[in-house]
Each structure stands twice: as structure tokens, then as C-alpha cells.
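Engineer: The sequence and its predicted three-dimensional model are supplied below.
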Number of protein chains: 2
Amino acid sequence: MKEEFFSVVTPETVFSHIERFSPVATEQVPLDRALGRVVCENICAGENIPGFDRAVMDGFAVRAASTFGASELNPVYLVLKGAVVMGRVPDLAVGPEEAAAIATGGMLPRGADSVVPREFTQMVDETTVEVHKPVAPGAHMVAADEDFKKADRVIARGTRLRSQELGVLAALGIVSVPVYKKPVVAVIPTGDEVVAVEETPPPGCIRDVNTHTLAGLVTQAGGLPVLYDLVSDDRDALRNVMTTALADCDMVLLSGGSSVGARDFTIAAMEDLAGARVLVHGIGMRPGKPTILAEVEQKAVWGLPGQVASAMVVFMMIVRPFVEHVGGAAAVSTRPGRRVAARLWRNVPSVYGRIDYVRVKLVEKEDVLWAQPVFGKSGLLNTMTWADGVIEIDADTEGLNAGETVGVVLF
Amino acid sequence: MKEEFFSVVTPETVFSHIERFSPVATEQVPLDRALGRVVCENICAGENIPGFDRAVMDGFAVRAASTFGASELNPVYLVLKGAVVMGRVPDLAVGPEEAAAIATGGMLPRGADSVVPREFTQMVDETTVEVHKPVAPGAHMVAADEDFKKADRVIARGTRLRSQELGVLAALGIVSVPVYKKPVVAVIPTGDEVVAVEETPPPGCIRDVNTHTLAGLVTQAGGLPVLYDLVSDDRDALRNVMTTALADCDMVLLSGGSSVGARDFTIAAMEDLAGARVLVHGIGMRPGKPTILAEVEQKAVWGLPGQVASAMVVFMMIVRPFVEHVGGAAAVSTRPGRRVAARLWRNVPSVYGRIDYVRVKLVEKEDVLWAQPVFGKSGLLNTMTWADGVIEIDADTEGLNAGETVGVVLF
């Protein structure tokens, strides 16, 4: 027998198909459920924030001009008109040579354009404030529209909401947030040698590991995994479950055998689906070469390698951006994940013309972060639990040298 | 007035208190809800995994010795005894000069100790396999106990479960996972100038931004935020809500005024609580100096700065490890978060003797990742939405130079 022919393509070619798949529908979620969700429209400020001139230090609201020239040797003296009550519109105004006591967060009175911090002042008597340092107009305060101006776009469509964006929405009183639905991703385990996790595998069988691993990765990518029951290696059964999954879900992951037979079989079942087009038959990467991507009614159907470590790497490096794109995220990076920089612990050989992904463990020694390659068979889980992430070795090199700086994509 | 006296301590001193606070109770969760949870006991393998000698390539199960000396010019010829059926115990054995067809995932027959990949072979006739490359014993297979040995500790207590650990649990048939409960963290907003998000703030007031921002950060730290109603600046009210929160929650965050008055007031209300001990009155960091930590009945009560950017930095750099520790995570790092390495875009001055945290935006130019400082008042949200993370400038330097490599803790 000859080596199986794979018409492999580069990851870039795989990513070139991303726009075939449309974002999911939208919904409204309460603000306290919006963390990590992707907004489906531009969010604009309906009002100025904070909405009034606001002190950001404890001190005295003044006209800055009243303090010009003040110094330790030649302080200026201001007449204290009263104190600003927190949360209220001040019932006083500040004129030249006047001051009003104010706490952080207080509203500046009419006439004031700055705040003199307490530490630049001293009370001389009950109505006289000595100021020994000048302030500029606008000092130690936030202007009414300084954080956000009415009608400004404050969060762009396609942004995944972090904690600070929740704060922005709160500031604007947006308690119901327009977001993309979470893309629903079917995870379909296949293989005659696989049994459900609840079962005791008879000799020759193993429990279904990949479904739970992939479900975790789907969740981390912002998707909603739907776990399907095991499908035996039967072309009709496989076609039927894919038909159901395509009706109910936004993307389908087939997690199956790594044998050439299982792979041929998966492609055949995909081609049985009406309107199916197999886009990718193999990817020039290791692990992950026998990955399949088909398009069915604008939905992506993936055939992932059966070895768990391979399936994980393919998901992290290839599938994840598709999940994010379908989930509405703007400007999806096809270089997944911010990379942690580390120095490579030892030489790692690689084959020219193929992207290699090598699992690494991060170890800090004397303030240097080292990436130690974790070698092992891609069917093993133990190497994956030991590793912190993977490094990528480009197709145009024959390896990396010890001491080189590498970017680690964390699990 | 003189500058307010703060008996500030270093972050290290704050972290030295971490062991005062005990981990929360435990519970069992289903495997498909266990992602990101922290296991509360060592997980040991109840059986060998995979449990049988398993092929990891398509090919022929053989005795390795039968292939020794094989080459393209001098191939060896083996008698094909049959094929291994996936998921079944093979009903054949392999002796010297014999082979059995096997697919990836199949169980090795008795007598076989290795797999010859298909690409090293050619079928001569229906019962004769030509092998033109030798294999070593154990090649292209996983031994019965090679992934995990029975009784091995496979996941250590205190590990936060990632996707691959879900796979390990699946492999072992553990469908109910012993984990620490999520630490319940009360977020209590205070301040007379603050109104609930649902309300239209009257002039001089702003909506409650910090509660939602902090709730997001608590969630990201693995906690379960409980949002309390606003408390006015009233010492009795504050003491009462803290008493309730301490009864119901594992940690309390007071998010309140940044004025010196509000701060004194928060400390007073904390000291009113039975058994309270104020551990920290201020931290030598900027932003975040006016942070308070008290211990009440082995629970941490934090008084966070009122400026939202300050509160976020304090949470990320100081509070987060406490939430993780109380949530049972082992070996909590007090250098929170893996840091993304970037080069500093411009000089950043700092003050000797104080740790400065500077917000930065990450910008990639010609394959170099640059950290651009985002300067702005710490009461503003807009700088936080613009920024990707923060860098730390140690207390013993007076700043960083453009071009230096810095570690960015991402939001």
C-alpha cells in the first residue's frame, strides 16, 4: 500500500473560507449575564457621562484663576462659601477669590472650573482657605462629557464584552444588552470502539473522551456545546445525525476515528448531505493533518482527528476562529490567542513545509519563563494535562533552537 | 490640612494574609458543568487507561522481531492471519512471521507487540504482507497503562479543570466531579451620589458602574458575584448590610467613595463588626492606594477605591488571588495572570517606592507587539475600554524606557 494521498492545504487556505459562514441571530440579555457576550450593534452614548463636572479629589472647588501665583511663601486666601453635598446640585456658586469644600465625586458648583486638592490648602479660620499651590482650569475634575459624549460610539458591534464594557453599559443605563446568540455547536462522537462515559468499556473499547474535551473548548470559544449520543460507524446513521444536528445547531463537529477507513467514511457521509461541499480534505499541520471541513447550507461541518491531542490542537488553532466568527465577533484573529512569550528550553526539530504544533510546559526559573517541550503520542491525555500550551513552528523552518523566544498559546 | 496619613503596606504584605482565609465547602457537579471548577480532592485512576494495547496507526499488528532487518531491498514477508474488528477483542493471535490487519484505535491481538504502519507495507497476495521497514517493540501503539496507570494521581487537588482535564475525567468514567463551591462574593455599592443602573440619575448623581464591573471580574476569577442594593453613606446601614453579607457570602467587596470621609467611614463601619480586624489600611500602589482589607470571622472584607479604574486594578492585582485561594485553587500565584510580552512604545516615568500600574493598549506592527501606555484619569471608563491590560512598574525603579520588554496582564 502507498501512503494515503491527502490534498492538504495551509491553515491560511482554511481561513479563507471563513466568510462563507454567517453570524448567528441576535437576542437581548440582562446586563448581569452579558460578560463575554458579543454585542450585535454599535452602542452609542444616549447622554454625556458623567453628565456634570465632577471632582476627582477631595478639596475645594474654585476658579483656577483665583489660585494663579499661589506658593508656599505667597499663598492666596479664598473665602469659603460652604460645602457641596454629595449627590446634590450645589446650592451655592463660586466667584473670584471664593471656594467651596467638595469631596471626590461631588458636583462642581456654578462658577468653579477646577478643584484644589486638600493637600495644597490649609484652613486659616472657618471661612478662609489658604491655597499654596496653583491649579489649572480643569484640574482634579472630570468634565460633564469627558468620559463619553452624547452620541459617541462607545462599544463597537462585534466587541466581546469585558468587565469594563459592562461598566460602560451600566453608566449608560443599558440593562438589556443586544448581543449575538451563542453559536450552538453540535459535538457528535463516532466510533465502534467508543462507549459513553457512564459505561464500563468492554475490552477493546474506550470511553468517549473527545466529546467532553471538545465541549470544554467550544465553551471557552464562546459557543454552546450540544453533546450528541455516540454514533456507530454506519454511513446512514452518521448522515441522519448530521441532518438533525444541522437543523438544530450552527456548526457541527464530528469527532471520530483516525483510521483512513473512518475518514473516508466521514467524507462519504458528508457528501451524502444535500448541498454539501467538502472544502478541505486535509491541513498541512501536525498534529491535525486529517481534518475535514465541509459547508452545508452555510454551516460548517468539521471532521476532526480522533486522537484527542490532535483534535484539541485543531480546535484551538483552526476551528476556534470560525466559532468566534459565527458568534459575531469582529476582526477575528486567525492567530488564535494572545501568546505568552517564553524561551525555548531545548532544540525542537521540525519538517520543512508543514506547520508543527508542539506542546510545552511553562517553567519559571530565576525570573525567566521557559517553554519545555512535552513530547508524547497524540493519543495520550497525560501529555495534555502536563502541558500549559502549544508553540507553532512555521512551515518554512526546520526547527527552533534552544533559547529562542517563542509565543505560547495557552490552553 | 495636612496630607492624609496612610500606613501603606506593600502588595507582598497584603498577600501574607492570604492563609487567614479558608477555602469554601465542596460539592459534586456533573462532568459537563465542571469546566473551570477547582477539584477538591486528588483524582486517581481507578483503572489503567486505555486498558488494552491499542494501535495508533493503521497497519498490521506484529511481533516487532518479525520485522527486524526488513528493508526496501530485503523486505520480510508475513502471513496475514485476519483483521482486528474495531471495539472487539481480537479472535486471533499473532505468532512469529505473522500479522493481523488493524486500524487506529484497534486492540492488539495476543502475541503482537507493535504495529507496522500501512505505508511500510504492501500486500503481495491475500494472505501475504510485505514489510520493508522494521519496527521496534511498542512502536505505533499505546500500551494498556501508558496513558494512566491504575492508582496514579491524575489530577491534583486544587487544579482548575481545563478541557483536557475534562477528557481525563471522561476517560476514567467520572461523571460526577468533586469540586470546591464557587466562592460567593458580595459586591456592595455605596455612596450618596450613586443611583441604581435602572434609574435616571438626577443632576449630581451617577449610575452604579463599579458593581457591574466588579461582578464581571469576580466571575472571571471563578467566583459567584452577588450584587447588593446601594447603601447610602450611613454607618448603621453599612454595618447592617455587611453583617448580612458576611452571613450569606464567602467574601465581601465594598465599592464606595474615594473621598477621605467615605474611607474613614468604611473603616469605622468595619470596626463595628464583631471580631473584625482591619489588616490593611492602604497599599503602596497606584492606582489603588486607599484599599482596605479587614478580616471578620475568617472572611475577607475589602474596601475598594471608588474610581472604577482603580477598583479594577486593585481587583486584578490584589483581590483576585484571594478569590482563587478561597475557591480552593492550589499554589495561587500572587503575580496574577500569565503576562503577554510586548515592547514598550514610549518612556513611562514612575515614582520610586510605589508600584505603578499603567494601562496599555497592544498594537502589532511588523510582527512586533507594542504596549502603548493609555494615560487618563482613573475615574474614567473610556481609558479602560481602550486598554488591553496593565503593566507593572516595580517600586524600586523610576520608570521604564521605550523599547523595554514588559509583561502585560490582560483584562
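Structural biologist: Right, received. Where do you want to start?

Engineer: Could you list the alpha-carbon positions for stretch A:79-94 in PDB?
Structural biologist: Output of stretch A:79-94 as PDB, limited to C-alpha atoms (Å, rounded to 0.1, in the frame of the first residue of the first chain):
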ATOM      1  CA  VAL A  79     -13.500  82.900  51.100                       C
ATOM      2  CA  LEU A  80     -15.200  79.500  51.900                       C
ATOM      3  CA  LYS A  81     -18.800  79.800  50.600                       C
ATOM      4  CA  GLY A  82     -19.800  76.400  52.100                       C
ATOM      5  CA  ALA A  83     -19.700  72.700  51.200                       C
ATOM      6  CA  VAL A  84     -21.000  70.700  48.300                       C
ATOM      7  CA  VAL A  85     -23.300  67.900  49.500                       C
ATOM      8  CA  MET A  86     -22.700  64.600  47.800                       C
ATOM      9  CA  GLY A  87     -25.300  63.600  45.200                       C
ATOM     10  CA  ARG A  88     -26.900  67.100  45.200                       C
ATOM     11  CA  VAL A  89     -26.800  70.100  42.900                       C
ATOM     12  CA  PRO A  90     -24.800  72.600  45.000                       C
ATOM     13  CA  ASP A  91     -27.000  75.500  46.300                       C
ATOM     14  CA  LEU A  92     -24.100  77.900  46.100                       C
ATOM     15  CA  ALA A  93     -21.900  79.400  43.400                       C
ATOM     16  CA  VAL A  94     -18.100  80.200  43.400                       C
END
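
Engineer: so where do the strands sit in the stretch 301-411 of chain A?
Structural biologist: A:339-344, A:348-349, A:355-365, A:368-373, A:389-393, A:399-400, A:405-410 (DSSP state E, counting those that start in this stretch).

Engineer: How about the last one and chain B, touching?
Structural biologist: Yes: judged by C-beta under 8 Å from any C-beta of the partner chain, strand A:405-410 comes into contact with chain B at A:Thr405, A:Leu410. Quick note: C-beta positions are derived from backbone N, CA and C, even for glycine.

Engineer: Single out the most deeply packed of the strands of the stretch 301-411 of chain A.
Structural biologist: Each of the strands of the stretch 301-411 of chain A was scored by mean neighbour count; the highest is strand A:389-393, a mean of 23, by mean count of other C-beta atoms under 10 Å in any protein chain shown.

Engineer: Tell me the strands beside that strand, with direction?
Structural biologist: With DSSP bridges as the test, strand A:389-393 is paired with strand A:355-365 (antiparallel), strand A:405-410 (antiparallel).

Engineer: Point to the residue nearest the middle of chain A.
Structural biologist: Nearest to the geometric centre of chain A sits A:Arg160, at 6.3 Å (C-alpha atoms, centre = their mean).

Engineer: Name the nearest residue to that one, sequence neighbours excluded.
Structural biologist: Of all residues not flanking A:Arg160 in the chain, A:Val38 sits nearest, at 5.2 Å (C-beta to C-beta, 6 or more residues apart in numbering or on different chains).

Engineer: Quick one, grab the pLDDT at the one you found.
Structural biologist: With respect to pLDDT, A:Val38 has a value of 97.

Engineer: and it, what does it touch?
Structural biologist: For A:Val38, the contact set (C-beta atoms under 8 Å, 6 or more residues apart in numbering or on different chains) comprises A:Gly158, A:Thr159, A:Arg160, A:Leu161, A:Val179, A:Tyr180, A:Gly222, A:Gly327, A:Gly328, A:Ala329.

Engineer: can I get those in TSV with distance to B:Gly261 and pLDDT?
Structural biologist: Converted to TSV, the contacts of A:Val38 look like this (distance: C-beta to C-beta, whole Å; pLDDT from 0 to 100):
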residue	distance to B:Gly261	pLDDT
A:Gly158	43	96
A:Thr159	37	96
A:Arg160	38	95
A:Leu161	34	97
A:Val179	40	98
A:Tyr180	44	98
A:Gly222	43	96
A:Gly327	46	97
A:Gly328	45	97
A:Ala329	44	95
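
Engineer: Derive a ChimeraX selection command for the buried subset of those.
Structural biologist: Only the buried members of the contacts of A:Val38 end up in this ChimeraX selection, burial being decided by 16 or more other C-beta atoms under 10 Å in any protein chain shown:
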select /A:158,159,160,161,179,180,222,327,328,329
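
Engineer: Give me the subset of the contacts of A:Val38 lying in strands.
Structural biologist: A:Val179, A:Tyr180 (DSSP state E).

Engineer: could I get the contacts of A:Val38 as JSON lines with distance to B:Glu199?
Structural biologist: Formatted as JSON lines, those follow (distance: C-beta to C-beta, whole Å):
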{"residue": "A:Gly158", "distance to B:Glu199": "30"}
{"residue": "A:Thr159", "distance to B:Glu199": "26"}
{"residue": "A:Arg160", "distance to B:Glu199": "28"}
{"residue": "A:Leu161", "distance to B:Glu199": "22"}
{"residue": "A:Val179", "distance to B:Glu199": "23"}
{"residue": "A:Tyr180", "distance to B:Glu199": "28"}
{"residue": "A:Gly222", "distance to B:Glu199": "31"}
{"residue": "A:Gly327", "distance to B:Glu199": "32"}
{"residue": "A:Gly328", "distance to B:Glu199": "30"}
{"residue": "A:Ala329", "distance to B:Glu199": "32"}
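
Engineer: Where do the domain boundaries of chain A fall?
Structural biologist: A:11-25+A:182-326, A:26-49+A:156-180, A:54-142, A:339-410 (automatic domain parsing).

Engineer: gap between the nearest residue to A:Arg339 once chain neighbours are set aside and B:Leu108?
Structural biologist: Distances taken as C-beta to C-beta, 6+ apart put A:Gly407 closest to A:Arg339, at 3.0 Å, once the chain neighbours are dropped. From A:Gly407 across to B:Leu108, the span is 39 Å (C-beta to C-beta, to the nearest Å).

Engineer: ok, now A:Val195?
Structural biologist: A:Val195 sits 19 Å away from B:Leu108 when distances are taken as C-beta to C-beta.

Engineer: which of the two has more neighbours?
Structural biologist: Each of A:Val195 and B:Leu108 has its neighbours counted (other C-beta atoms under 10 Å in any protein chain shown); B:Leu108 has more, 25 against 19.

Engineer: how near is the more buried one to A:Ala309?
Structural biologist: Going from B:Leu108 to A:Ala309 by C-beta to C-beta gives 21 Å.

Engineer: Repeat that for A:Ile206.
Structural biologist: Relative to A:Ala309, A:Ile206 is positioned 15 Å away (criterion: C-beta to C-beta).

Engineer: who has more neighbours, those two?
Structural biologist: Taking other C-beta under 10 Å, A:Ile206 and A:Ala309 do not tie; A:Ala309 has more neighbours (27 against 22).

Engineer: and the closest residue to A:Glu295 other than its chain neighbours, what element?
Structural biologist: Excluding its sequence neighbours, the residue lying closest to A:Glu295 (C-beta to C-beta, 6+ apart) is A:Arg277, at 5.0 Å. Assigned by DSSP states H and E, A:Arg277 belongs to strand A:276-280.

Engineer: neighbouring contacts of that strand?
Structural biologist: With contacts defined as C-beta under 8 Å, 6+ apart, strand A:276-280 is touched by A:9, A:13-14, A:17, A:20, A:267, A:270-271, A:291-296, A:301.

Engineer: and it, which strands flank it?
Structural biologist: Sheet partners by DSSP bridges: for strand A:276-280, these are strand A:292-296 (antiparallel).
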